[in-house]
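My questions are about this predicted structure, shown below with the sequence.
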Amino acid sequence: MFLAFGVGRFAYTPLLPLMQEQAGLAVDMAGYLASMMYLGYLVGSIVTTKTLSKFGAFSILCFGLIVLVFGSLAMSIGDIFIHWALVMFCIGISSAAIFLSTLSLVLKVFLDYGAGWLTAFLYTGIGAAIVLIGFTVPEIGLSIGWQGAWGFVALTALGGGIVCLWLLTPFSRNQQCGTSSEASWVVPGAKRAASFLIAAYFLSGFACTIGGTFMVAILADFPGLQGHAYIGWILVGAMVIPSCIVWPLVASRVGEVKTTAFLLAILAFSNLIVVVWQSPGGVLLAAGVFGSSFLAIPGLVLGRLGQLAGNKKDKVTGVATIIYGLSMVLGPSVGGLVAKLTGSFDGSLALASFFLFFASIIAILADRATTTGKVKTIQLCTENCN
C-alpha cells in the first residue's frame, strides 16, 4: 500500500507545484496529467481483475512493482507533456496491479477471522509514504530540480519493492489454491447493499481526487507559502496513519457502512472549510480533516464488499476498484477545468462537497438495505414456523 498509493499515486501531489514553477505546467494540464494516471489505474484495474486468477496475485505484484520503478525513473528524464502523460498512465497501471494483488493476498485472511474492517489498517502504509515523500521530495526538488525529485521517487519505489517482495514471498508460497466453499451473497439484501455501496464509492473517488490533487497547489497560492506548501500534504499523511487505526476500530463496533457514511460527511465539510475560510489556517485545518478520513473509506468499503460477496469477493472488489478508477479519471480533469474557468478552486471544492454529501446518503441506504433484508428474513422464518 505504501508503494501502490503513497508512491505510485500521491507522489505527484507534492511534485505538482515544482512542475508548475520549474517546467511551466499549467493548472488545467496538471489536472489532465493526473487524469492520465487515473486512467492507467482504471485500465490496470480491469486487466488485473480479469487476469488475477490466471497468473496469480504474486506474479502480478512483481509486474506492478517493476513498472512503478521504471515509470518513476522515466518521469525524471522527460520534459514534454505527451511523455509525462504516457508515463503517468503506466504508473497508474502499476498502482492498480500492486493494490489488487496485495488485496487478494490478504483480504481472505481478514474475512476468515470475520474482520473485514481490518482492511482499513493497510492504508496506514499510504500515510507513511505521504509523510516521507512530502518531507523529502519538495526539498530535493528545490535543490536539484523536479526531475531529481522524480529520481528519488524511483529509488524509494525500488527499495520499497525489494522489502515488499521479501515479506510477501513466503506468504505467497504458503497460499493454497482451490475453490472456496463459502457461498456468495450470503447476507440478506447483499446485492442491493453492494450496489449502493459501489455508487457511494464512485462519488467519493470523484470528489476526493479533486482535493487530493490540488491541495498543495491551493496552499501555494497564499503569499509566503510558495516554498512550503507541501507542509499541508505532510499533515494529510500524518493524519492518515492514526485515522486508519481509529476508524477501523470504530467500524468494528458500529459497522463499516455507518462509519463510511460519517466519514463522507466529514470530507464534505473539509472542502467547505477551504471555501469559507480562505487563509493558510483554513486550508491546513481542511488538510487535517481530509487526512483524518479519506483513506479509511476505501478499506472499510472493500472490506464490507468482501463480506457481502462471499466467494465472489475478488470479482466484486475488482469491479468496485474499476468504478473507483473511473471516478478518479473524471475528478482531476473536471476540477482543473472548473478552476481554470472560474479563476479559483472554490467551485471545484464546492462541487466535491456536494458529491460527498450525496455519497453519504447513498451509504446510509446501503446500510438500510442489509438491515431491511434481515428483518424480512426473520419475518419469513416466523411465518413458516407458524
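Received, thanks.

Just give the number of residues close to residue 85.
For residue 85, the neighbour count with other C-beta atoms under 10 Å is 18. All C-beta atoms are positioned from the backbone trio N, CA, C, and that covers glycine.

For residue 267, give me its contacts.
Remark: with contacts taken as C-beta atoms under 8 Å, 6 or more residues apart in numbering, residue 267 is in contact with 204, 207, 208, 211, 289, 290, 293, 294, 297, 356.

Now do the buried residues in the helix or strand containing it.
Assigned by DSSP states H and E, residue 267 belongs to helix 256-276. For helix 256-276, a neighbour-count test (16 or more other C-beta atoms under 10 Å) marks 256-268, 270-275 as buried.

still on that earlier bit, among the contacts of residue 267, which are located in helices?
Secondary structure from DSSP state H places 204, 207, 208, 211, 289, 290, 297, 356 of the contacts of residue 267 in helices.

pLDDT check: weakest of the residues you listed?
Within the ones in helices among the contacts of residue 267, residue 211 has the lowest pLDDT, namely 73.

how many other residues sit next to that one?
Neighbour tally, residue 211, other C-beta under 10 Å: 26.

for residue 100, same thing?
27.

Give me the pLDDT value at it.
Looking at residue 100, its pLDDT is 86.

Could you number the chain from 732 rather than 1 from now on?
Okay, residue one is now 732; in that scheme the one you just asked about reads as residue 831.

quick one on the thing from earlier: what two of the contacts of residue 998 are the furthest from one another?
Of all pairs drawn from those, the greatest distance, 14.7 Å, lies between 935 and 1020 (C-beta to C-beta).

the more surrounded of those two?
Each of residue 935 and residue 1020 has its neighbours counted (other C-beta under 10 Å); residue 935 has more, 30 against 18.

Tell me who's in contact with the closest residue to that one other than its chain neighbours.
Of all residues not flanking residue 935 in the chain, residue 1090 sits nearest, at 4.9 Å (C-beta to C-beta, 6 or more residues apart in numbering). The contact partners of residue 1090, taken as C-beta under 8 Å, 6+ apart, are 930, 931, 932, 934, 935, 938, 995.

try 6 Å this time
Neighbouring residues of residue 1090 by C-beta atoms under 6 Å, 6 or more residues apart in numbering: 931, 934, 935, 995.

now it, what's its secondary structure?
Three-state call for residue 1090 (DSSP: H, G, I helix; E, B strand; the rest coil): helix.

Distance check, it against residue 793.
35 Å (C-beta to C-beta, to the nearest Å).

before we move on, what about residue 736?
From residue 736 to residue 793 the distance is 18 Å (C-beta to C-beta).

mind listing the helices for the stretch 782-931 of the chain?
For the stretch 782-931 of the chain, helices defined by DSSP state H, counting those that start in this stretch occupy the ranges 788-806, 812-843, 855-875, 877-905, 921-951.

Below-threshold pLDDT in the stretch 732-881 of the chain: ranges please.
847 (pLDDT under 70).

isn't residue 939 right next to residue 1025, touching?
Yes: with contact defined as C-beta atoms under 6 Å, residue 939 reaches residue 1025; the gap is 5.1 Å.

Please report phi then psi for residue 757.
Main-chain torsions, residue 757, degrees, to the nearest 10: phi -70, psi 160.

Skipping adjacent residues, who's closest to it in space?
residue 751 (7.6 Å).

Equivalent analysis for residue 986, please.
Per C-beta to C-beta, 6+ apart, closest to residue 986 is residue 1098, 6.7 Å.

count of neighbours near the one you found?
Residue 1098 has 21 nearby residues by other C-beta under 10 Å.

Quick check, pLDDT for it.
83.

Does it touch residue 990 like I think?
No: between residue 1098 and residue 990 there is no contact under C-beta under 6 Å: 9.9 Å.

Name the residues that touch stretch 810-824?
By C-beta under 6 Å, 6+ apart, stretch 810-824 touches 739, 764, 767, 768, 769, 771, 772, 775, 798, 802, 805, 806.

ok, the residues you listed vs residue 891, which is closest?
residue 739 (10.1 Å).

State the distance from the closest one to residue 779.
14 Å.

From residue 887, how far out is residue 808?
Taking C-beta to C-beta as the measure, residue 808 falls 17 Å from residue 887.

quick one, which of these two is more surrounded?
Set residue 808 next to residue 887 and count neighbours by other C-beta under 10 Å: residue 887 wins out with 23 against 11.

Skipping its backbone neighbours, what lies nearest that one in space?
Using C-beta to C-beta, 6+ apart and skipping the chain neighbours, the partner closest in space to residue 887 is residue 738 (5.8 Å).

Good, we can wrap up now.
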